[in-house]
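Student: fold the following and give me the result.
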Amino acid sequence: MVQLETIDGIAWVTFSRPEKQNALSFEMFRQLDNIIHTLKRDRQLRAVVIQGQGAHFCAGLDVGAVMKKPRNIFSLLGKWLPGNANLVQRVALGWRALPVPVFALVRGNCLGGGLHIALGADYRIVSPDAQFAIMEARWGLCPDMSTSIILPGIVRHDQALWLASNPQRIDAHQACELGLVTQISDDPLDTIKQRLAQLAHISPDALAAIKHLYNCAYHPPRRKLLWQETWYQIKLLLSKNTRIAMHNGRQTEQAKSYRPRGKW
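Tutor: I've put the predicted structure just below:
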């Protein structure tokens, strides 16, 4: 469901569930985590391109598939120490730890977990038909895939807060205005190949050092935020208002009223 092919030092990571708009199953999280570990050990690697098979990049979490086995939720969110990254955080944040440039090639839907993974890339080259949304708020949840670490280095505080709070889709041009995407291209694959050709003339050690320096400059210390993301998500999963939000997210009519806000 996630394919890895390395050609001439370029790793092509492909979501291959086109019949589901490449929605993320539990197994895909595991595969992505393993792929990131594999690529981190590859000293010959020069760059990574993440893409989706078919018309869409990734439509987010396949909620139905994951919820068939409730223990998968614990596997996704569980961690040995509070400040460690759990599985859902690693598959987004892990691309930042790779000492090579990482590109996300985005066509069509890039929603929820798909957007979190794309934000973990260094560059997002997108087609004009691309659509973006952070979806957790629709279900009464908060973003928990390390976006609290990544977004502050990409967009302004107010825009990050609005994107996380409002699950409505935005198009490629709106995303570009916000700074969510690097470039809109009628042929994103060709654009990425041109950028790869330019970077091929740069020392891989220089690229690794530059990436590490600017990751440190643009992103705050992460352990506290990683713990808060997971703790807030667990707290929300136990909230009665979350069950109401999930009901309202599935129903377009007969929406239930929320209870008074809990203590935060």
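
Student: strands of the protein, start to end?
Tutor: Per DSSP state E, the chain carries strands over the ranges 2-7, 10-15, 47-52, 102-106, 109-111, 123-126, 131-133, 170-171, 183-184.

Student: got those as a markdown table, with distance to Asp144 and mean pLDDT columns?
Tutor: Bear in mind the C-beta positions are built from the backbone N, C-alpha and C, glycine included. Converted to a markdown table, the strands of the chain look like this (distance: least, C-beta to C-beta, whole Å; pLDDT from 0 to 100):
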| stretch | distance to Asp144 | mean pLDDT |
| --- | --- | --- |
| strand 2-7 | 20 | 98 |
| strand 10-15 | 20 | 98 |
| strand 47-52 | 20 | 98 |
| strand 102-106 | 20 | 98 |
| strand 109-111 | 15 | 98 |
| strand 123-126 | 21 | 98 |
| strand 131-133 | 16 | 98 |
| strand 170-171 | 21 | 98 |
| strand 183-184 | 28 | 98 |
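
Student: which one of these lies nearest to Pro221?
Tutor: strand 102-106 (21.6 Å; C-beta to C-beta).

Student: quick one: neighbours of Lys79, just the number.
Tutor: By other C-beta atoms under 10 Å, the residues close to Lys79 number 15.

Student: picking that back up, so which of the strands of the chain comes closest to Thr38?
Tutor: Nearest to Thr38, of the strands of the chain and by C-beta to C-beta, is strand 2-7 at 7.2 Å.

Student: tell me how far the nearest residue to Ala137 once chain neighbours are set aside lies from Leu141.
Tutor: Distances taken as C-beta to C-beta, 6 or more residues apart in numbering place Pro167 nearest to Ala137, at 5.0 Å, with adjacent residues excluded. Per C-beta to C-beta, to the nearest Å, Pro167 is found 10 Å from Leu141.

Student: do Ala92 as well
Tutor: 15 Å.

Student: burial count for Ile192?
Tutor: So Ile192, with other C-beta under 10 Å, has 22 neighbours.

Student: next: Asn72.
Tutor: 18.

Student: and Leu45, by the same measure?
Tutor: The number of residues near Leu45, taken as other C-beta under 10 Å, comes to 18.

Student: picking that back up, more neighbours: which of Ala92 and Leu141?
Tutor: Taking neighbours as other C-beta under 10 Å, Ala92 and Leu141 compare with Ala92 leading, 25 against 17.

Student: beta partners for Ile50?
Tutor: Beta-bridge partners recorded for Ile50 (DSSP bridges): Val13, Ala104.

Student: list the contacts of it.
Tutor: Neighbour list for Ile50: 13-15, 95, 102-105, 117-118, 121 [criterion: C-beta atoms under 8 Å, 6 or more residues apart in numbering].

Student: out of these, who's the most crowded?
Tutor: Counting by other C-beta under 10 Å, top hit in the contacts of Ile50: Ala104 with 30 neighbours.

Student: the residue nearest to Ala137 and Cys216: what is the separation?
Tutor: Here Pro167 is placed at a distance of 31 Å from Cys216 (C-beta to C-beta).

Student: which one's more surrounded, those two?
Tutor: Neighbours per residue, other C-beta under 10 Å: of Pro167 and Cys216, the larger number sits with Pro167, 16 against 10.

Student: what's near enough to touch the more buried one?
Tutor: 133-138.
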